[in-house]
Every structure is written in C-alpha cells, then in structure tokens.
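*Asks:* attaching a predicted model along with its sequence, questions to come.
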Amino acid sequence: SDHELIYPAKPEDMKWSMLYGGSNEAPTVADVGCGFGGLLVSLSPALPKERILGIEIRVQVTQYVLDRIHALRKQNQGKEVDYTNIACLRGNAMKFLPNFFGKGQLKKVFFCFPDPHFKLRKHKARIISPTLLSEYAYCLRPGGIVYTITDVKDLHDWMRSHLEAHPLFERLSSEEEESDECVKIMTTATEEGKKVARNGGSKYIACFRRTENPK
Ligand code: SAM
C-alpha cells in the first residue's frame, strides 16, 4: 500500500542522479504506468536530449524495468545510445505526481493502454479524471503534450472527452497526430500495444497540447 512507497516531499528533494547517473537534471518526459518498459527503451534514442521517466505501481514490474535498463546500459556503454536517459521508479502516479514534478517541468506525458476499470463504480480509479488532469496540466509546460492510446473504445471516449472539457488542453489536429514521431513509437513499442496487434485489436489515439495559462 501507499505508505510503503518512497517519494520526495517536494520535487527539489529528488536525487535524479541516483536514477540516471551524472547530473541531477530532472526528467522532462513521463510514461505513466510504464509496464515492462517498451516505450522507455524505444523513446531513449528518439529523444536523446530528454530524461525520460517511467512510473509503475507494481513492485516486480518496476524491478523488471530497472534490470532491463541496467542490462542495456551495460551492453551499450560508450555508444551513442547508452540508455542513461531512461529510468523507472515505483510510484502511484494518481497520488504523488506533484511530489516528483514541479510546475511546468514536463514536455510530454504518455498514457499507454491504461487499465480500463470497466465497471461504473470503478471509473474514479481511472488514471484520467478532471482532478488528475489539473495535476497533469500543472506539471506540463504550455505547449507540452499528453499522449493517450488504448484498445478500449469506451476508455478512449472517456479520456478524450475529459481532456476536451478541460480548459488547459486542446486536441492536436489529425495531421499533427499522424506526423508526430512519438505517436508512431507509442503505437508499436509498448508490450500491451504488441499484444493488441497480435490479437488484431484496434488502437485509439488522442493527443492534447497543454495550452498557455490564462492571463
Ligand atoms: N503502458 C504499458 C504498455 O502499454 O505496455 C503498460 C500497460 S498496463 C495495461 C497498465 C500499467 O499501469 C500496469 O503495469 C499497472 O501496474 C500500471 N498502473 C496502474 N495504476 C497505476 C498508478 N496509479 N500509478 C502507476 N502505475 C499504474
């Protein structure tokens, strides 16, 4: 449960160098519910100048991702892509995001195949809700992008409609979505996305820009 989770009291207390090595530069890209880390691994060479952080609530899955990154770093030491810009930590993204990320810190946030929580009484457990969207908007800088993808149409409609209704988000045009390199990557790189493809399922995508703060 939550009291076993370790999290800083405020973002400035976070020792990012412990996760990435080198400087204490904070991550600018977050993968919420990163699962087994496929997106992190594929984003690493695509966003070489950014530090990318996966947040995962399951202990064993987090450990798997840490081991995976450790092995990749070992194999690729000294190479152009050395995987030192990706990391993973165990955390509940629905509760502690503002502990890790300061105002306007993030450029991109990914929600890839989040748990659907089908039952009506479980909708409050969904990772996108009006309250949580305000937290995500706080952590994102104006111009930053929220990426969502799911194979569950009902969840897609839920995420899309809540993002559309929020004053600090605007949907990307379909041209922008189609030409975005990160959309291409998130469509194919995650473990869940691969499973959906194997089973011939659909993938619903919606991306939103964090708008300027109102004057
Ligand atoms: N994004 C990955 C992918 O596409 O392969 C994983 C998708 S999986 C269906 C959803 C993941 O979100 C699970 O690994 C789950 O443990 C994680 N998760 C659920 N609620 C979470 C929360 N509140 N904070 C962080 N991770 C969470």
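*Replies:* Noted; the coordinates are in hand.
*Asks:* residues of the chain that sit close to the ligand?
*Replies:* Selection of the chain residues close to the ligand by CB under 6 Å from any ligand atom yields 33-35, 38, 55-58, 61, 92-94, 112-115, 190-193. Quick note: C-beta positions are derived from backbone N, CA and C, even for glycine.
*Asks:* what about these, which are in helices?
*Replies:* Gly38, Val61, Ala93, Met94, Glu191, Glu192, Gly193 (DSSP state H).
*Asks:* want to throw those residues into TSV with neighbour count, pLDDT and distance to His70?
*Replies:* Below are those laid out as TSV (neighbours: other CB atoms under 10 Å; pLDDT from 0 to 100; distance: CB to CB, whole Å):
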residue	neighbour count	pLDDT	distance to His70
Gly38	23	98	16
Val61	19	97	15
Ala93	22	90	22
Met94	19	89	27
Glu191	16	97	18
Glu192	19	97	23
Gly193	23	97	24
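*Asks:* which one of those residues is nearest to Ser161?
*Replies:* Met94 (19.0 Å; CB to CB).
*Asks:* so that closest one sits against Leu132, correct?
*Replies:* Yes: contact status for Met94 versus Leu132: in contact at 6.3 Å, counting by CB atoms under 8 Å.
*Asks:* any idea how far the ligand is from Asp67?
*Replies:* With distances taken as CB to the nearest ligand atom, to the nearest Å, Asp67 is found 16 Å from the ligand.
*Asks:* would you agree that residue falls within a strand?
*Replies:* No: assignment of Asp67 by DSSP: H, G, I helix; E, B strand; the rest coil gives helix, placing it outside any strand.
*Asks:* ok, it - contacts?
*Replies:* Applying CB atoms under 8 Å, 6 or more residues apart in numbering to Asp67 gives no contacts.
*Asks:* quick one: the strands in the protein, in order.
*Replies:* With strands called from DSSP state E, the chain shows them at 29-32, 52-56, 86-90, 106-112, 140-150, 169-171, 204-210.
*Asks:* with mean neighbour count and mean pLDDT added, can I get the ones you listed in JSON lines?
*Replies:* Shown next, in JSON lines, are the strands of the chain (neighbours: other CB atoms under 10 Å; pLDDT from 0 to 100):
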{"stretch": "strand 29-32", "mean neighbour count": "25", "mean pLDDT": "98"}
{"stretch": "strand 52-56", "mean neighbour count": "26", "mean pLDDT": "97"}
{"stretch": "strand 86-90", "mean neighbour count": "23", "mean pLDDT": "96"}
{"stretch": "strand 106-112", "mean neighbour count": "23", "mean pLDDT": "98"}
{"stretch": "strand 140-150", "mean neighbour count": "21", "mean pLDDT": "98"}
{"stretch": "strand 169-171", "mean neighbour count": "16", "mean pLDDT": "98"}
{"stretch": "strand 204-210", "mean neighbour count": "21", "mean pLDDT": "98"}
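*Asks:* the spatially most central residue of the chain bridge partners, please.
*Replies:* In the chain, the C-alpha nearest the mean C-alpha coordinate belongs to Asp31, at 1.9 Å (CA atoms, centre = their mean). In this entry, Asp31 is beta-bridged to Gly54, Phe110, by DSSP bridges.
*Asks:* cool, thanks, signing off.
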